[in-house]
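Asks: Below: sequence and its predicted model.
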Amino acid sequence: MQTRILEVCVDDADGLAAAIAGGADRIELCSALGVGGLTPTRGFMALAAKCHIPVNAIIRPRIGGFVYSDDEISIMLADIQAACEAGLAGVVIGASRPDGTLDRAVLERLIKAALKLDVTLHRAFDLVPDFDAAVEMAIHLGFSRILTSGGARHAEAGLPVLQHAAEVGRGRISIMPGGGVRPGNAAAFLAIPGIFELHASCSQPMEPNADLVDFGFSPANARRTDADTVRQMKAILA
């Protein structure tokens, strides 16, 4: 039986510390989790590299979709180099073609730049028109895992696709549910044969600061990584 792994996504230093204190097995390092996560800064990468657990940086240069221009690809290649130089364990990447299929040519370039780093395919996968073909491409390209909500806004609604993808990729690639994964539904994902990794923010709402919200410096619905929630998730994975 595979060792179960909890990956916690964080976007600030306090969140990183809370995830580690709660017992996370791996970190997805981001900025701007409120829009699905963007590339973290070099400084944040350097801080996270000091952790005693693996840290994978998401490489996503902007909000929106995953069809990238040549300039944006250059940015991603430079950010992957930064992750390598920081000493991180891996990167989380994805790229699409205008029809929603995975962009093999761009992904090959990004993976080549990652050298020996662990590579995760992010939720660009959730927009593909053919999940089976996308799983096979991810395997062929050498991804370790696919982070996915099963093509739904929230992973709980994507359970049938997650189950099928796990069947297709079992023994060849890890299917890692993410997107609304929390202590109350984690067991449903772990019940799927072949699934042993979960991705979650393990966050709780923050009390909004009215002045910061009014000035646009903070969203009204801000959340923060919560160590106790991480511990709850870890207990379920035990």
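Replies: Now that the structure is in, tell me what you want to look at.

Asks: Mind listing what's buried along the strand ranked longest in the chain?
Replies: In the chain, taking DSSP state E as the definition, the longest strand is strand 5-10. By 16 or more other Cβ atoms under 10 Å, the buried positions in strand 5-10 come out as 5-10. Backbone N, C-alpha and C define where each C-beta goes, glycine included.

Asks: so what's the nearest residue to F143 once chain neighbours are set aside bridging to?
Replies: Leaving aside its chain neighbours, F143 sits nearest to L121 (4.6 Å; criterion: Cβ to Cβ, 6 or more residues apart in numbering). L121 has these beta-bridge partners by DSSP bridges: I93, I146.

Asks: Might one say that V168 is in contact with A133?
Replies: No - if you go by Cβ atoms under 8 Å, V168 and A133 don't touch, sitting 9.9 Å apart.

Asks: residues in contact with the nearest residue to A187 once chain neighbours are set aside?
Replies: Distance criterion Cβ to Cβ, 6+ apart; nearest residue to A187, sequence neighbours excluded, is I236 at 6.1 Å. By Cβ atoms under 8 Å, 6 or more residues apart in numbering, I236 lies in contact with 183, 186-187, 190.

Asks: quick one: I236 is in a strand?
Replies: No - under DSSP: H, G, I helix; E, B strand; the rest coil, I236 sits outside any strand and is assigned helix.

Asks: now it: how far from L190?
Replies: Separation of I236 from L190 (Cβ to Cβ, to the nearest Å): 7 Å.

Asks: Low-confidence bits of this structure, can you list those?
Replies: Applying pLDDT under 70 to the chain picks out residues 1.

Asks: ok, which stretches of it are strands?
Replies: Along the chain, counting by DSSP E, strands occupy 5-10, 26-29, 55-58, 90-93, 118-121, 145-148, 174-177, 197-200, 203-205, 223-225.

Asks: Could you export those strands as a markdown table, including distance to R42?
Replies: Formatted as a markdown table, the strands of the chain follow (distance: least, Cβ to Cβ, whole Å):
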| stretch | distance to R42 |
| --- | --- |
| strand 5-10 | 16 |
| strand 26-29 | 11 |
| strand 55-58 | 10 |
| strand 90-93 | 14 |
| strand 118-121 | 19 |
| strand 145-148 | 23 |
| strand 174-177 | 26 |
| strand 197-200 | 24 |
| strand 203-205 | 24 |
| strand 223-225 | 21 |
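
Asks: So for D70, which of these sits nearest?
Replies: strand 90-93 (16.4 Å; Cβ to Cβ).

Asks: Can you dump the C-alpha atoms of the closest one in PDB for me?
Replies: Output of strand 90-93 as PDB, limited to C-alpha atoms (Å, rounded to 0.1, in the frame of the first residue of the first chain):
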ATOM      1  CA  GLY A  90       9.700  20.300  -7.700                       C
ATOM      2  CA  VAL A  91       7.500  22.500  -9.800                       C
ATOM      3  CA  VAL A  92       3.800  22.400 -10.600                       C
ATOM      4  CA  ILE A  93       3.200  23.300 -14.300                       C
END
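
Asks: Distance from the chain centre to that strand, please.
Replies: Here strand 90-93 is found 8 Å from its chain centre; the criterion is Cα atoms, centre = their mean, to the nearest Å.

Asks: so what secondary structure elements neighbour it?
Replies: Contact partners of strand 90-93 among helices and strands, from 3 or more Cβ pairs under 8 Å, 6 or more residues apart in numbering; DSSP states H and E: strand 55-58, helix 70-86, helix 104-113, strand 118-121.
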